[in-house]
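Novice: the sequence and its predicted three-dimensional model are supplied below.
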Amino acid sequence: MTDNPLRLAVFDCDGTLVDSQDSIVQAMVAAFNHHGFDFPGAEAVRRVVGLPLEVAIRRLVPGVDHALSKVVSETYKSAFFNFRQAGDVHEPLYDGIVSVLDQLDGAGWLMGIATGKSHRGLVNTLSHHNILDRFVTHQTADHAHGKPHPDMMFKAMNEAGCDRQHSIMIGDTTYDIEMAKNAGVRSIGVAWGYHDVEELMDAGASSVARTADELMAALLDEG
């Protein structure tokens, strides 16, 4: 009898595990005001959540060059850090997420993270909810190519010791789904985040979960 292969579930963070949109928008407003840019609106910001920060800035400010986008990105990071230090960052876990993590852990899955957050931001967020140690690999855009490049997925599988066949990506944006597709990995979308269900399916998600229970059922089916 052969042992069951290791299975890896890689989660996006913002819009998948936690609802961080209000804090992201707040920090982006502060950065745009600091540099004298017109704020494009909260919906425009939600659309770029998940991309590397400098890429997101360039999408929000057409024509801005790489050098300035880097400066604006640092301003955003400083604003977000200052809000966090003041206790003004709110990133609640979505309903049922802890139960999903509990069930996957109980079923012997490994879990990882692939996010556009900085490593510092990810650690702060997951530590606040006491779930940092649930994940065996933490992939962030400041240590790897950002989504939809497959680099973070490849690194997550390598660190966890899992292959493509037994790995899956869970995320709320087309960037998550495209990253998985580029890595040759299956993906499940979640409907509670920042991109629409139709977009996730069109990008290549095998299914889209509307609740945590649906996500768990889909993972067990895929696994």
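Specialist: Looks like it came in fine.
Novice: which of the helices or strands spans the nearest residue to residue 76 once chain neighbours are set aside?
Specialist: The shortest distance from residue 76 to any non-neighbouring residue, by Cβ to Cβ, 6 or more residues apart in numbering, is to residue 31 (4.1 Å). In short, each C-beta sits where N, CA and C put it, glycine included. Residue 31 belongs to helix 21-35 when assigned by DSSP states H and E.
Novice: what mean pLDDT does that helix get?
Specialist: Average pLDDT, helix 21-35: 97.
Novice: which strands and helices lie in contact with it?
Specialist: Here helix 21-35 touches helix 42-48, helix 66-85, going by 3 or more Cβ pairs under 8 Å, 6 or more residues apart in numbering; DSSP states H and E.
Novice: just the helices in this structure please.
Specialist: Using DSSP state H, the helices of the chain run over residues 21-35, 42-48, 53-60, 66-85, 97-106, 119-128, 151-160, 174-183, 197-203, 212-222.
Novice: just want the angle from the helix holding residue 31 to helix 119-128.
Specialist: If you take axes from the mean of the first three to the mean of the last three Cα atoms, to 10 degrees, helix 21-35 sits at 150 degrees to helix 119-128.
Novice: what's helix 21-35 in contact with?
Specialist: 14-15, 38-39, 42, 45-46, 49, 60, 68, 71-72, 75-76, 79-80, 83, 88-91, 194 (Cβ atoms under 8 Å, 6 or more residues apart in numbering).
Novice: can you point out the buried residues in that helix?
Specialist: Of all the residues in helix 21-35, those buried under the rule 16 or more other Cβ atoms under 10 Å are 21, 23-28, 30-32.
Novice: now swap in stretch 41-57 and tell me
Specialist: In terms of neighbour count (16+ other Cβ under 10 Å), stretch 41-57 has its buried residues at 45-57.
Novice: need the contact list for residue 18.
Specialist: Applying Cβ under 8 Å, 6+ apart, the residues near residue 18 are 91-94, 125, 129.
Novice: which residues does it form beta bridges with?
Specialist: residue 14, residue 93 (DSSP bridges).
Novice: and the helices and strands packed on helix 21-35 as JSON lines, adding distance to residue 168 and mean pLDDT?
Specialist: Below are the helices and strands packed on helix 21-35 laid out as JSON lines (distance: least, Cβ to Cβ, whole Å; pLDDT from 0 to 100):
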{"stretch": "helix 42-48", "distance to residue 168": "24", "mean pLDDT": "96"}
{"stretch": "helix 66-85", "distance to residue 168": "30", "mean pLDDT": "95"}
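Novice: to residue 222, which of those lies closest?
Specialist: Closest to residue 222 of the helices and strands packed on helix 21-35 is helix 42-48 (Cβ to Cβ; 27.0 Å).
Novice: counting contacts, what elements does the closest one pack onto?
Specialist: Using 3+ Cβ pairs under 8 Å, 6+ apart: helix 42-48 touches helix 21-35, helix 53-60.
Novice: distance to residue 172 added to those, as CSV?
Specialist: Below are the helices and strands packed on helix 42-48 laid out as CSV (distance: least, Cβ to Cβ, whole Å):
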stretch, distance to residue 172
helix 21-35, 11
helix 53-60, 15
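Novice: and those helices: which comes nearest residue 102?
Specialist: helix 21-35 (25.3 Å).
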